[in-house]
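> my questions are about this predicted structure, shown below with the sequence.
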Amino acid sequence: MEKSQRVKITNKNGLHTRVAAMVVRQSQKIEKMWNCQLYLRRLNSHSGVPCNSVLPLVSLKLKNGEMVEVYTDENGSEEAVFGLADFIRQISELEIPETEAVDTILQENTLASEKIFESINNGLIAMDSNGSINIFNKAAEEITGIKASDIIGKKGDEWVPNFNLKDLLNTKKEKLGLKHKIGKKWVITNKSPIIVDEEVVGGVVVFQDISQIEELSWELHSVKELKEKFNTILETVDDGICMINRNREITYVNLPFVRMFKKEGIQVLSRKIQDLFPEEKFRDDFFMGKDEIIIVTKGGREFIMHARPIVIESKFTGNVVVAKELTEIAKLADRIELLSEKTRFLQDELDKKESLNPSFNNIVGKSGALMESLTVASKAARTDAAVLIRGESGTGKELVARAIHRGSSRNKKPFVGMNCAAIPSNLLESELFGYEKGAFTGAYKEKRGKLEIASGGTIFLDEIGDMDKAMQAKLLRVLQEQEIERIGGIEPIKINIRVIAATNSPLEKMMEEGDFRRDLYYRLNVITVMLPPLWQRKGDIPVLVEHFTEKISKKYDLPNCTIKKSALMALEQYRFPGNVRELENIIERGMTLSNNEWISIDDLPNHLRDEVNDKKKNNRPFALDGDNLPTLEEMERELIGLALKKHGSFRQAGLALGLDHKTISAKAKKYDLK
């Protein structure tokens with residue numbers, strides 16, 4: 001049982017910085033004498049702060065006349081509690097202007113420091129000489145997932161063992177640029193002891209989340225590696241290769257080019273290509289890739305020379321000129337094109353990731369189709385415009401709606417969700433608008449509707465296509481007037497709401513058939529967010545599986561589970577009519593029924609295995625007979641994937657399918673094809 005003692009703050013300016021410093025000094029003496037930890041909290045509060053650190057004490061903002069409690073845990077000393085309580089009662093201030101001026105400066109500096117600590121993006125941990133945490137800022141909470149209220153006053157190594165805080169206090173040495181892993185996040189840390197009069201009185205750890213940087217660095221490293229391999233190829237192929245800038249000055253030649261045209265010992269770089277071959281006429285069509293030149297050497301050998309324009313971000317930067325002995329040169333140009341496409345793809349992915357609002361970070365996936373949708377949703381979060389989220393069942397429409405709300409200026413106000421299909425039509429009006437006492441039989445007291453509850457925030461209307469036309473008309477009036485009337489009420493009630501609707505229904509067809517109001521459709525459909533089905537983002541299946549295994553492991557207290565490669569391949573071939581929700585159910589079923597610490601193909605549902613086996617027997621990606629015909633997008637995705645796999649470049653795949661390479665590139669990105 002803890003020991004505690006109540007005491008009143010009697011200082012004119014409350015427990016400000018100077019008084020807090022006096023309390024800290026006395027607390028440290030008492031704690032050392034009685035070998036315990038003392039804490040201070042407001043009366044009737046369940047959490048307190050350690051008494052041996054100034055910032056936590058000042059952060060309580062205790063005023064003159066407030067009652068507080070000094071306490072310690074069950075192993076602490078009652079004498080220590082009484083000693084510090086008596087000290088706080090006895091503190092008296094000198095009522096002179098100079099002292100008040102000093103207090104004001106100290107208080108301003110302390111508040112400024114506290115604000116800085118909470119505003120910086122880096123995690124900040126400060127501890128005393130015993131290794132107890134006394135500062136744990138907001139960024140530290142976000143990176144570690146630990147609440148400051150849980151760790152303040154506790155031993156740091158018990159909560160963040162990877163940081164090895166005890167070693168910092170023992171060695172008294174500063175350690176910079178250390179990399180640690182916290183959960184799945186990589187952080188880089190700087191650790192410094194606080195030394196006063198050659199004695200360690202505490203320590204500070206500053207750390208930054210570098211997980212995304214690590215991932216992007218690996219991608220960029222892969223591109224650099226690809227470039228190095230490409231340079232090696234240029235030097236080892238038999239073809240002569242020359243690169244020129246937009247002024248037609250030579251910037252690179254490989255050894256075969258120099259030997260082909262007997263240019264050894266001649267300064268080639270920075271010279272114009274025309275100077276190397278004065279007898280040839282290089283027309284503009286040659287540099288546009290529409291013409292070719294036949295060069296005959298003195299030895300009678302004939303070489304065909306092509307120029308391929310180099311265009312980066314729609315800007316012409318020069319040419320690559322390839323010479324070979326009357327043979328096809330397209331493969332080499334394709335390598336350059338493939339490298340440029342890879343670079344543009346990575347830049348696009350980086351731009352999308354950086355542009356997303358942080359409120360979307362909990363949405364799992366990084367496929368091109370998903371990122372395009374989330375980019376639109378992230379932009380929608382900046383405004384109060386109505387949003388219509390469209391997508392198949394199980395694609396996460398409510399998850400995206402909540403992210404839009406969290407990323408908007410309304411995030412401090414309510415988010416109220418309602419499924420229009422789950423409530424009978426005769427009850428939907430009372431749920432939305434509320435009712436007055438006595439409005440109908442059973443209405444014994446008034447009730448606020450969801451529209452009224454959501455005022456100031458966001459209302460999410462799921463399955464909006466299932467709302468009957470009478471209710472559609474009433475909802476339209478709410479959107480136009482921003483006011484409601486309860487059932488049985490006579491006075492209009494002003495509200496201020498943002499509407500996010502969602503549907504899987506074909507609203508355009510319903511409008512043509514008279515089942516959905518056209519004016520309401522245009523009110524709701526200011527910004528459309530199209531969520532892709534899971535079969536369009538199959539590259540996300542492995543990361544979703546990992547996410548769900550961790551989630552379900554925690555939910556049912558199961559051991560960590562992995563998935564066999566054969567089972568993962570089966571999931572990637574399945575169409576998933578239930579989308580992400582169905583995938584989660586399949587993983588939950590597999591983990592529950594499996595007798596091992598992995599999910600094998602035998603743990604997957606029978607209907608999934610049967611569908612995958614049927615595809616293998618037919619030896620084609622989709623069946624063209626029977627009732628379950630593939631969609632046009634499914635066929636397009638499979639055909640483009642097969643063409644890219646066979647030909648290895650956007651250009652050759654486009655030629656095979658009758659499309660240009662830009663169209664193939666855009667569709668490959670849409671369907672997440674690598």
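Thanks, I have the structure now. For clarity, every value in this text was computed on a predicted model and none was experimentally measured. Numbers count the residues shown, from 1 in each chain.
> CA only for contacts and neighbour counts going forward, please
Will do.
> point out the other helices and strands that the helix or strand encompassing Gly641 packs with.
Assigned by DSSP states H and E, Gly641 belongs to helix 632-647. Applying 3 or more CA pairs under 8 Å, 6 or more residues apart in numbering; DSSP states H and E, we find helix 632-647 packed against helix 650-657, helix 661-670.
> of those, which stretch is the most buried?
helix 650-657 (a mean of 19; mean count of other CA atoms under 10 Å).
> can you give me how far that one is from the chain middle?
Distance of helix 650-657 from the chain centroid (CA atoms, centre = their mean, to the nearest Å) equals 34 Å.
> equivalent analysis for stretch 184-204, please.
With CA atoms, centre = their mean, you get 30 Å for stretch 184-204.
> list the buried residues in that stretch.
Across stretch 184-204, burial judged by 16 or more other CA atoms under 10 Å covers 186-194, 200-204.
> what about it, start to end distance?
Counting by CA to CA, to the nearest Å, you get 23 Å between the two ends of stretch 184-204.
> cool, and stretch 131-138?
Start to finish, the residues bounding stretch 131-138 are 20 Å apart (CA to CA).
> what's the domain layout of this structure?
3-98, 120-209, 217-346, 358-530, 535-619 (automatic domain parsing).
> let me have these in CSV, extended by distance to Ala668.
Shown next, in CSV, are the domains of the chain (distance: least, CA to CA, whole Å):
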stretch, distance to Ala668
domain 3-98, 54
domain 120-209, 30
domain 217-346, 11
domain 358-530, 9
domain 535-619, 11
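> doesn't Ile194 belong to a strand?
Yes: under DSSP: H, G, I helix; E, B strand; the rest coil, Ile194 falls within a strand.
> and it, bridged to which residues?
Beta bridges link Ile194 to Gly202, judged by DSSP bridges.
> so how far is Glu174 from it?
10 Å.
> contacting residues for Ile293?
Phe282, Phe286, Ile304, Met305, His306 (CA atoms under 8 Å, 6 or more residues apart in numbering).
> quick check: which element contains it?
strand 292-296.
> Ile135 too?
strand 133-136.
> average pLDDT for the following helix or strand past that strand?
Next helix or strand after strand 133-136 toward the C-terminus (DSSP H and E): helix 138-144. For helix 138-144, mean pLDDT is 85.
> elements contacting helix 138-144?
Other elements packing on helix 138-144 under the criterion 3+ CA pairs under 8 Å, 6+ apart are helix 97-119, strand 123-128.
> out of these, which gets the lowest mean score?
Per-stretch mean pLDDT for the helices and strands packed on helix 138-144 is lowest at helix 97-119 (a mean of 57).
> would you say Gly83 is within a helix?
Yes: counting by three-state DSSP, one finds Gly83 located in a helix.
> any idea how far Glu74 is from it?
17 Å.
> again with Glu634
Counting by CA to CA, the gap from Glu634 to Glu74 is 66 Å.
> so which bits of the helix holding Gly641 are buried?
Those would be Glu634, Arg637, Glu638, Ile640, Gly641, Ala643, Leu644, for helix 632-647 by 16+ other CA under 10 Å.
> what sits up against it?
In contact with helix 632-647 (CA under 8 Å, 6+ apart) are residues Pro621, Phe622, Phe650, Ala653, Ala656, Leu657, Ile664, Ala668, Tyr671, Leu673.
> and which of those is nearest Leu524?
Tyr671 (28.0 Å; CA to CA).
> tell me which element Pro577 is part of?
Using DSSP H and E, no element contains Pro577; it sits outside every helix and strand.
> what pLDDT is listed against it?
90.
> any low-confidence regions in the stretch 401-550 of the chain?
438-439, 441-444 (pLDDT under 70).
> pLDDT below threshold where in the chain?
Across the chain, the ranges flagged by pLDDT under 70 are 92-119, 263-266, 296-300, 326-355, 438-439, 441-444, 616-630, 674.
> and if we set it to 50?
Applying pLDDT under 50 to the chain flags the ranges 94-98, 102, 105, 327-330.
> tell me which residue lies nearest the centroid of it.
What sits nearest the mean C-alpha location of the chain, by CA atoms, centre = their mean, is Asn361, with 2.9 Å.
> what's the nearest residue to Ile182 if we skip its chain neighbours?
Thr144 (6.5 Å; CA to CA, 6 or more residues apart in numbering).
> cross the contacts of Ile293 against helices and list the overlap.
Within the contacts of Ile293, residues falling in helices by DSSP state H are Phe286.
> which among the contacts of Ile293 gets closest to Ala470?
Relative to Ala470, and with distances defined as CA to CA, the nearest of the contacts of Ile293 is Phe286, at 68.4 Å.
> follow-up on the earlier one: for Val320, state which of the buried residues of helix 632-647 is nearest.
Distance ranking of the buried residues of helix 632-647 against Val320, using CA to CA, places Leu644 first at 24.0 Å.
> still on that earlier bit, make CSV out of the buried residues of stretch 184-204 and add distance to Ala323.
As requested, the buried residues of stretch 184-204 are exported to CSV (distance: CA to CA, whole Å):
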residue, distance to Ala323
Trp186, 48
Val187, 50
Ile188, 50
Thr189, 53
Asn190, 55
Lys191, 58
Ser192, 61
Pro193, 65
Ile194, 67
Val200, 71
Val201, 72
Gly202, 69
Gly203, 66
Val204, 63
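> which of these lies closest to Lys290?
For the buried residues of stretch 184-204, the nearest to Lys290 is Trp186 (50.8 Å; CA to CA).
> how about that closest one, phi and psi?
The phi/psi pair for Trp186 (degrees, to the nearest 10) reads phi -100, psi 130.
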